[in-house]
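[1] Provided below for reference: sequence and predicted model.
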Amino acid sequence: MTGDKTYNVLFLCTGNSARSIMAEAILNRAGAGRFKAFSAGSNPRGEIHPYTADFLRNQNYPLETLRSKNWDEFGKPDAPQMDFVFTVCDDAANETCPVWPGQPMTAHWGVPDPAAVEGSEAEKRFAFADAFRMLNTRIGILVNLPIHGLDRLALQQRLDDIAGSAKSAEPA
């Protein structure tokens, strides 16, 4: 991979309404033109979860380009060719994904589903903030990897390690 390339990254989840949407927003900001992020779901909910939209809006992320969509959009011949594909939920990681043109590098960065949390309003909103924090930590590591200086095997190991190293950096 070259140093002046813009890397296309696809974040996958099942519903494409919370975690993968957050990851898309985070990387498009943190990637600062070096990365172009997309997101999709195997069974998209068709809308961004209201707590995801609230959280991102409160963090001054633009929402205009974000939408819940099917991952089939990215398996088409005219779709952007992905360099990286990350699953952020266990369900999507266990599903048979479409064949991605260009054979992108893949890794699983599982994050608990904040939309599945039951409890008070504060507990639910905390779950979304926590998912955002985990994704932000991992994406922060990704954007700082010396991608162009790593061979494919070493890069794959670093991508796989991000989920584990980010967990160890997170408070217990």
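    That came through, no problem.
[2] and the residue lying farthest from the centre of the chain, what's its pLDDT?
    Relative to the C-alpha centroid of the chain, counting by Cα atoms, centre = their mean, Ser120 is the outermost residue, at 26.4 Å. Model confidence at Ser120, expressed as pLDDT, equals 96.
[3] how about His148?
    Per-residue pLDDT puts His148 at 90.
[4] for Val111, grab the count of nearby residues.
    As a burial measure, Val111 scores 24 neighbours (other Cβ atoms under 10 Å). Any C-beta I mention is one placed from the backbone N, CA and C, and that applies to glycine too.
[5] go on, the one 10 residues further on?
    A count of nearby residues for Glu121, using other Cβ under 10 Å, gives 8.
[6] ok, it to Asp54 distance?
    From Glu121 across to Asp54, the span is 11 Å (Cβ to Cβ, to the nearest Å).
[7] again with Arg152
    Arg152 is 39 Å from Asp54, by Cβ to Cβ.
[8] quick one, which of those two is more surrounded?
    Neighbour tally, Arg152 and Asp54, criterion other Cβ under 10 Å: the higher count belongs to Asp54, 13 against 9.
[9] how near is the more buried one to Leu153?
    With distances taken as Cβ to Cβ, Asp54 is found 41 Å from Leu153.
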